[in-house]
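Trainee: My questions are about this predicted structure, shown below with the sequence.
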Amino acid sequence: MMTSEHFNSAAGIDYVIDIRSDTVTRPTASMYEAIANADLGDDGLDGDPTAAKLEQSTAKLLGKAAGVFMPSATMANLTAIMAQAGRQEVVLAHADSHIYGAERGGAAISGAFYTPLAGAAGAMDMDALRRALSGNRSKLRTAVVCLETSHNSAGGTVLPLAYMEEVKTHAHAAGAVVHLDGARLFNAAACLGVPARQIADHCDTVSVCLSKGLSAPMGAVLVGPRATIAKARELRRALGGNQRQVGIAAAAGLVAIETMVDRLVEDQKSAAALSSAVAKVATIKVSTPQTNIVLVDTALSGKPAKDWEKALREAGVLVRPWGEFMLRCVTHRHISIDDVKTAAEAFNNVAARFAAS
């Protein structure tokens with residue numbers, strides 16, 4: 001297995017273990033080969049054949065009629081909302097979801113009203129959802145209900161299929177559609193032990209990211225009904241996301257969905273091992289991961305996340321602050337079991353240093 005190890009003599013560190021995100025994954029050798037041999041066309045004119053193949057393959061994989069290749073999952077989510085919600089219509093999402101927490105600035109473009117709903121473990125409270133769907137004081141129509149699985153800010157938690165089906169039932173009864181931010185959909189499928197299509201069945205539109213654990217260098221695919229995807233393609237052009245010989249990127253995406261999905265269980269094993277090892281440090285609390293994300297609460301140590309991030313970086317381990325006293329660690333294909341052991345040792349050493357000071 002390829003690891004994150006490399007030399008950084010300028011910093012005086014002879015290794016770096018990067019668990020900030022699974023977006024740091026590099027393309028595989030097969031992806032580079034596919035890029036070099038990609039059949040190309042102009043996706044803004046006659047279409048790019050490799051991009052078209054990726055769109056069709058992803059749609060088929062997830063049981064939808066059509067797909068469109070996007071530069072990013074952020075654009076995929078935005079175009080999905082714009083294609084299904086009019087101006088002054090409501091978009092409901094979990095209060096800690098990526099769509100609400102990081103992407104709701106898109107409302108300035110869409111004209112939709114993003115409304116957060118509280119909940120636990122990445123799931124909106126069902127009673128709150130029913131009340132929101134039944135109407136609001138402003139009399140605005142709810143057009144889209146957004147779900148996220150696995151749920152980033154909840155530590156990679158996975159929505160139960162029964163919950164997703166209940167959301168879909170209530171949304172459709174109220175005349176709304178369901179959009180799934182499936183940036184890490186395949187991680188969720190690996191956790192549940194079901195095909196990704198079985199999760200996608202509970203949603204009208206689904207976005208999937210190719211550049212996280214699947215290791216493609218860029219891009220996302222939005223899938224859904226043919227008319228909705230046609231509208232999203234038009235919106236992609238309006239937002240500046242129209243691309244030319246994009247088959248160069250789509251070729252890597254094809255390899256990603258064809259060869260990289262099944263290995264995600266390895267990342268989840270690494271996350272479980274990391275959680276178990278770091279949990280032995282008395283002055284921090286660690287989440288028990290469902291997928292490949294581990295949250296580390298540093299409050300008991302008396303040191304904020306930024307101090308831990310700095311100290312761990314000096315020890316050759318890169319993590320990401322996720323709040324005043326929270327760190328996020330994400331495993332991926334470049335993280336070996338040896339890397340997990342080294343990272344856990346760094347946590348232990350930093351804890352000892354903080355305790356001594």
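Mentor: It's in.

Trainee: in its sheet, what does the helix or strand where residue 223 lies sit against?
Mentor: If you go by DSSP states H and E, residue 223 is part of strand 220-224. Strand 220-224 has its sheet partners listed here by DSSP bridges as strand 66-70 (antiparallel), strand 205-209 (antiparallel).

Trainee: In a markdown table: those, plus distance to residue 290.
Mentor: (C-beta placed from N, C-alpha, C; glycine too.) Shown next, in a markdown table, are the strands paired with strand 220-224 (distance: least, Cβ to Cβ, whole Å):
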| stretch | distance to residue 290 |
| --- | --- |
| strand 66-70 | 27 |
| strand 205-209 | 18 |
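
Trainee: Buried residues of the helix or strand where residue 197 lies, list them for me.
Mentor: Taking DSSP H and E as the definition, residue 197 sits inside helix 196-200. By neighbour count, with 16 or more other Cβ atoms under 10 Å as the criterion, the buried positions of helix 196-200 are 196, 199-200.

Trainee: Among these, which one lies nearest to residue 336?
Mentor: Nearest to residue 336 among the buried residues of helix 196-200 is residue 196, at 25.9 Å by Cβ to Cβ.

Trainee: Distance of residue 60 relative to residue 206?
Mentor: Look at residue 60 and residue 206: by Cβ to Cβ, to the nearest Å, they are 13 Å apart.

Trainee: More neighbours: the two, which one.
Mentor: Neighbours were counted for residue 60 and for residue 206 using other Cβ atoms under 10 Å; residue 206 has more, 30 against 14.

Trainee: re earlier: contact partners of the helix holding residue 197?
Mentor: With contacts defined as Cβ atoms under 8 Å, 6 or more residues apart in numbering, helix 196-200 is touched by 61-64, 149, 161, 164, 180, 182, 185-186, 188-189, 192, 206, 208, 223, 261.

Trainee: Straight-line length of stretch 320-328, end to end?
Mentor: Terminal residues of stretch 320-328 are spaced 5 Å apart (Cα to Cα, to the nearest Å).

Trainee: Secondary structure element for residue 228, which one?
Mentor: helix 226-238.

Trainee: Return the distance of whichever helix or strand comes after that helix from the chain's centre.
Mentor: Proceeding N to C from helix 226-238, the next assigned helix or strand is helix 247-259, under DSSP H and E. Its chain's average C-alpha position is 18 Å from that of helix 247-259, according to Cα atoms, centre = their mean, to the nearest Å.

Trainee: Please name the nearest non-neighbouring residue to the residue nearest the centre of the chain.
Mentor: Geometric centre of the chain, nearest residue: residue 183, 3.2 Å, by Cα atoms, centre = their mean. Once flanking residues are discounted, residue 183 sits nearest to residue 209: 4.1 Å by Cβ to Cβ, 6 or more residues apart in numbering.

Trainee: Redo the buried residues of helix 196-200 as JSON lines? Include distance to residue 122 and pLDDT.
Mentor: Converted to JSON lines, the buried residues of helix 196-200 look like this (distance: Cβ to Cβ, whole Å; pLDDT from 0 to 100):
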{"residue": "196", "distance to residue 122": "17", "pLDDT": "98"}
{"residue": "199", "distance to residue 122": "13", "pLDDT": "98"}
{"residue": "200", "distance to residue 122": "17", "pLDDT": "98"}
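
Trainee: Pick the one among those closest to residue 285.
Mentor: Looking across these and measuring by Cβ to Cβ, the closest to residue 285 is residue 199, at 29.4 Å.

Trainee: what's the distance between the closest one and residue 57?
Mentor: Separation of residue 199 from residue 57 (Cβ to Cβ): 17 Å.

Trainee: likewise residue 133?
Mentor: Relative to residue 57, residue 133 is positioned 34 Å away (Cβ to Cβ).

Trainee: all strands of the stretch 251-357 of the chain, in order?
Mentor: 285-286, 293-297, 317-318, 320-321, 326-330 (DSSP state E, counting those that start in this stretch).

Trainee: Make sure residue 334 is actually in contact with residue 16.
Mentor: No - applying Cβ atoms under 8 Å, one finds residue 334 not in contact with residue 16, separated by 10.5 Å.

Trainee: Pick out whichever of the two has more residues nearby.
Mentor: residue 334 (20 against 16).

Trainee: what about the strands in the stretch 101-250 of the chain?
Mentor: Counting by DSSP E, counting those that start in this stretch, the stretch 101-250 of the chain has strands at residues 113-117, 119-120, 123-124, 142-148, 177-182, 205-209, 220-224.

Trainee: partners of the longest one, with directions?
Mentor: So the one you mean is strand 142-148. Here, using DSSP bridges, strand 142-148 pairs with strand 90-94 (parallel), strand 177-182 (parallel).

Trainee: Much appreciated, bye for now.
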